[in-house]
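[1] What shape does this take:
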Amino acid sequence: MKVESWQGIKGKLVHDDQKAIVVDDDQELADQKQLQARLASDGRPINEARQAMIKKTVKRQFKIEPIKLSGWFNRHQDSHNAKKVEQLVSEKPTHQYKQIKNEMTFFGESFLEGFLGFYGLEVDNALGRYEHNLHVLETKELGQSEKEYYLATSQNGRVNLATDPLPSQQIAEEQLDKFYKREPEQTQAESVQLRSQEDDGKEE
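    Sure thing, here's the model as predicted:
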């Protein structure tokens, strides 16, 4: 069995190249028999489990800025619900959702539907940004101490390695920093150009 950890993502993926489970606590990694049993009973396809693990962390870290939500309602010609956004007391979606449910008579069903639509779209966008960028990936065989580090992306749960194994996490992080600091103006210009191409494609 192998264990992999993604930079900035809570939990570790334990897999046998076919099925995978997510382990939140490092202490669980000590009992290989129990992990094997969990993998057999609860294991999901590896790409599906990897994407779910990444999405779970992205959702936990996600905040909804009231101004963006208000703008979303305004773009959908719903100024009535755009004004209600001011009543939300938190930027955390779980708190906002509870507040909306508790004050359903004030917020109303159309507000809730709009909120959930906006939230789903924003989480998908945040997940897409994470998947698009390179991250440090740490892998090792379960029960062994030797680790390998890579720069990689995970798109739709599929791993795309950008480097050969790197000797340490520090070197991997330095390589990542070098990659993102190389000619920042060029990188920004390329991403703006890509974004405008995507926007052109949507309008057709």
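
[2] by contact count, what packs against the longest helix anywhere in the chain?
    Longest helix of the chain, by residue count under DSSP state H: helix 104-132. For helix 104-132, the packing partners by 3 or more Cβ pairs under 8 Å, 6 or more residues apart in numbering; DSSP states H and E come out as helix 46-61, helix 66-75, helix 79-84, helix 93-102, strand 147-155. C-beta here means a position set from N, CA and C on the backbone, and glycine is covered the same way.

[3] how far away is residue 3 from residue 82?
    46 Å (Cβ to Cβ, to the nearest Å).

[4] Now the longest helix of the chain: buried residues?
    Using 16 or more other Cβ atoms under 10 Å as the test for burial, helix 104-132 gives 107, 111, 114-115, 118-119, 122-123, 126-127, 130-131.

[5] per-residue pLDDT, the residue lying farthest from the centre of the chain?
    Going by Cα atoms, centre = their mean, the residue of the chain most distant from its centre is residue 105, 33.1 Å out. Model confidence at residue 105, given as pLDDT, is 89.

[6] Check residue 185 too.
    Looking at residue 185, the pLDDT reads 43.

[7] Please pull out the lowest mean pLDDT helix or strand from the chain.
    helix 184-203 (a mean of 44; mean pLDDT, DSSP states H and E).

[8] In contact with residue 21: list those residues for me.
    Applying Cβ atoms under 8 Å, 6 or more residues apart in numbering to residue 21 gives the contacts 13-15, 35, 38-39, 42-44, 49.

[9] Restricted to helices, list those.
    Mapping the contacts of residue 21 onto helices (DSSP H) picks out 35, 38-39, 42, 49.

[10] Counting neighbours, what do you get for residue 171?
    The number of residues packed near residue 171 is 13, by other Cβ atoms under 10 Å.

[11] what domains does the record give for this structure?
    Following the assignment in automatic domain parsing, the chain carries domains at 2-60+135-168, 62-129.

[12] so which of these gets nearest residue 178?
    domain 2-60+135-168 (10.1 Å; Cβ to Cβ).

[13] quick one: average pLDDT of that closest one?
    pLDDT averaged over domain 2-60+135-168 gives 92.

[14] Start and end of it, how far apart?
    Terminal residues of domain 2-60+135-168 are spaced 18 Å apart (Cα to Cα, to the nearest Å).
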